[in-house]
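Visitor: structural data only, the sequence is not supplied:
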């Protein structure tokens, strides 16, 4: 928002020393993310803006000014998370920022793709209202693919017309990850219309290009898709950089690509890299002491140049997304400042957002906001017989879970061995009559019991995996009663659950309560399933735009980009019967 004449004038006067600032951070070390040089200096702040740096303030000039002693500390710009789905934290935006902001994440490019697949435009309304009341700056990337493909049933079908009504909102950031690669490469009019809408408004367009190389990558760049968070190998990331695609290095709860892409991090590449989480649970944010802070300290510990790393987390992201008011400690920029005890370990001491020190009390000033999306689980009462798969045999396809990845392995009953259980996806939006896809999965290690969830990327239908049909039915029925969430069942009894009544994706409780309930859920889960973060893996087994085998309410899908696929295709029907090639 453009400041008034009076505001600009007051900033000029404070910068010149003719008027006093509100706050001065004294004797702090400022490592420049532009030049790489570090200098001990004072930082003067007026309102939400830095008005002076590298000019000293004596005691006489500081009378009546709020002074923060920065001796021995380092001042860096606020960290920017370049791509995240807040819903994956199972927290509302208000609660997410209470966890992440104190660790230095002052700006977030948020994609409410999950909620939009359940609630449609109501999700944008809720997230934009949240963004308007938050202390952290959340820019809402308007979801491009609702549904992600025609191989699933979601709760809405959003067109360019739907997105256009939100595009000029001050908290609307751009077009969220374009996953319908086949639609782009095939010049589908509806898909191209969305791209052109944001092209015309000079808004960034996010990509989603797992394993995409060569001519297909060039074609997507031609379509003005200029970033991607799905690179999993150095070679893939390097090709994207050479073709002008900003590489968003991802480190989430399940998708951990930082180590694979370490070699891309250097001074030369830093302007064309960003850090992001994509999907992360609150436990990890707390345990790792931050989102971006964790990626920073991990990169530096691996020998990456500290100033290149800090540039990636700040100025590079700000520049890429057109946020010219932040990303550097400099006059005229937002007073989003992270004070560190130690530069190499990114030990956060104090965070200032808009010139105000972040404390627990700062969140109490936010306007009240009612959650949305209650009673979103519309499924019938299930019985064990509903989970009968019609086809069987040694050649039956099996989805193979790969630890540390949302990519799956295409297996069969023979290659999977004994660790094979049933998987079902049940439409819950009331738009397809409760259609259900049935299949097999390996890798959970469940020998007795079942787990079920309404968090299922990207359609967010009910997903249930189990060793017995009876336990699968109990789990789904419990989800229905709770209004969505996570459930663990064994021998017909619910061992643990967590209600997520906001669109079946988020809790309406404070994060402290959610963390405790997640701990209890984890204990119950370990009694049934030895796989760490099992619910996160389960949630991605319906994401058919990620290789290779996945399951939706319409059946089993296959996506093999290394063999030339530009999108997934259906290979088995909802009952598990093989389709004719």
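Guide: Ah, there it is. It should be emphasised that the depicted structure is a prediction, and the values quoted were computed from it without experimental measurement. Numbers count the residues shown, from 1 in each chain.
Visitor: where along the stretch 1-150 of the chain do the strands fall?
Guide: Assigned by DSSP state E, counting those that start in this stretch, the stretch 1-150 of the chain shows strands spanning 23-31, 38-46, 49-53, 66-69, 74-77, 79-84, 105-110, 137-142.
Visitor: would TSV of these with mean neighbour count and mean pLDDT be doable?
Guide: (Glycine included, C-beta is placed from N, CA and C.) Conversion of the strands of the stretch 1-150 of the chain to TSV gives the following (neighbours: other C-beta atoms under 10 Å; pLDDT from 0 to 100):
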stretch	mean neighbour count	mean pLDDT
strand 23-31	21	98
strand 38-46	21	98
strand 49-53	25	98
strand 66-69	14	97
strand 74-77	25	98
strand 79-84	29	98
strand 105-110	28	98
strand 137-142	26	98
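Visitor: for residue 211, find the nearest of those strands.
Guide: Of all the strands of the stretch 1-150 of the chain, strand 79-84 sits nearest to residue 211, with 17.7 Å by C-beta to C-beta.
Visitor: what's the angle from the closest one to strand 105-110?
Guide: 20 degrees (axes from the mean of the first three to the mean of the last three C-alpha atoms, to 10 degrees).
Visitor: now do strand 79-84 against strand 137-142, angle only.
Guide: Using the same axes, to 10 degrees: strand 79-84 against strand 137-142 is 20 degrees.
Visitor: from the contact counts, what lies against strand 79-84?
Guide: In terms of contacts (3 or more C-beta pairs under 8 Å, 6 or more residues apart in numbering; DSSP states H and E), strand 79-84 is packed against strand 105-110, strand 246-250, strand 273-276, helix 292-301, helix 315-320.
Visitor: of the ones you listed, give the one that comes closest to residue 65.
Guide: strand 105-110 (22.8 Å).
Visitor: quick one: list the elements packing against that closest one.
Guide: Under the contact criterion of 3+ C-beta pairs under 8 Å, 6+ apart, strand 105-110 touches strand 79-84, helix 93-100, strand 137-142, strand 172-178, helix 315-320.
Visitor: nearest to residue 58, out of these?
Guide: helix 315-320 (30.6 Å).
Visitor: pull out the buried positions in stretch 394-408.
Guide: By neighbour count on 16 or more other C-beta atoms under 10 Å, the buried set for stretch 394-408 is 396, 397, 398, 399, 400, 401, 405, 406, 407, 408.
Visitor: ok, the second one touching residue 570?
Guide: Right, the one you point to is residue 397. No: in this structure, residue 397 is not within contact of residue 570 by C-beta atoms under 8 Å, at 11.8 Å.
Visitor: shared neighbours of the two, anything?
Guide: The contact sets of residue 397 and residue 570 overlap at residue 556 (C-beta atoms under 8 Å, 6 or more residues apart in numbering).
Visitor: before we move on, the earlier item: any idea which of the buried residues of stretch 394-408 is closest to residue 136?
Guide: Using C-beta to C-beta, these come closest to residue 136 at residue 406, 26.2 Å.
Visitor: what does the model give the residue lying closest to that closest one once chain neighbours are set aside for pLDDT?
Guide: Leaving aside its sequence neighbours, residue 406 sits nearest to residue 540 (C-beta to C-beta, 6 or more residues apart in numbering; 4.1 Å). pLDDT for residue 540: 93.
Visitor: show me the contacts for residue 540.
Guide: Residues in contact with residue 540 (C-beta under 8 Å, 6+ apart) are 254, 406, 457, 546.
Visitor: which ones are touching residue 532?
Guide: Residue 532 makes contacts with residue 403, as judged by C-beta under 8 Å, 6+ apart.
Visitor: got the buried residues for the longest helix anywhere in the chain?
Guide: Across the chain, the longest stretch assigned as helix under DSSP state H is helix 511-526. When burial is assessed from 16+ other C-beta under 10 Å, helix 511-526 yields the following buried residues: 511, 514, 515, 517, 518, 521, 522, 524, 525.
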